[in-house]
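[1] Predicted model and sequence follow; I will ask about them next.
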Amino acid sequence: MSTLVTDLAELGDLDLHNLREKWQRHYGTEPPPSISWELLQRAVGYKMQEEMFGGLSRRTLLQLSTLKSASGTRSLSEVKGAAPVPKSGTKLIREWQGKVHEVLALEDGQFAYGGKTYRSLTTVARQITGTHQSGPRFFGIQLARSGADG
């Protein structure tokens, strides 16, 4: 049985046809028709590592999702203004209607509040206020605006 290191090294010896077959085996789809040999090699190598060690963390996936949804038709400067996901261990404190609420950012982008774990700050804000509103905005998480007004 070969090791991952050996398998990754062997990717460099494959021709385009064989790399396309490996793509199909690992991804379950045909590779894009115009993908270069180098990108195909890197993508297959990444997928092999992902299968062995696991994919991106939930936290990273949340950050990518935020950037993706923020990018739509907006400019790059607006995408940079998307609210960041707090680092694990960050304590968020907010006073609401005379009561202090503490939320702890956990690993993989989750949040602890009131003895429970929540997937988003927006869910926590809804739990606290009883209404739907932006969790990052409710807890004051913002990036400085770029441009003339920043």
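    Sure thing, it's come through. Residues are numbered from 1 along each chain as shown.

[2] wait, doesn't residue 109 sit right on residue 64?
    No - applying C-beta atoms under 8 Å as the test, residue 109 and residue 64 come out as separate, 11.0 Å apart. To be clear about C-beta, it is placed using only N, CA and C from the backbone, and glycine gets the same treatment.

[3] out of those two, which sits in the more crowded spot?
    Using other C-beta atoms under 10 Å as the criterion, residue 109 and residue 64 rank with residue 109 on top: 21 against 11.

[4] Just confirm residue 139 contacts residue 122, I think it does.
    No - contact criterion C-beta under 8 Å: residue 139 and residue 122 do not qualify, at 10.0 Å.

[5] Which of the three states applies to residue 19?
    Using DSSP: H, G, I helix; E, B strand; the rest coil, the structure places residue 19 in helix.

[6] For it, list the residues it contacts.
    11, 37, 40-41, 44 (C-beta atoms under 8 Å, 6 or more residues apart in numbering).

[7] So which residue is dead centre in this structure?
    residue 61 (1.8 Å; C-alpha atoms, centre = their mean).

[8] where's that residue relative to residue 4, distance?
    23 Å (C-beta to C-beta, to the nearest Å).

[9] And the pLDDT at residue 19?
    If you check residue 19, the pLDDT there is 93.

[10] could you check the distance from it over to residue 7?
    13 Å.

[11] before we move on, what about residue 108?
    28 Å.
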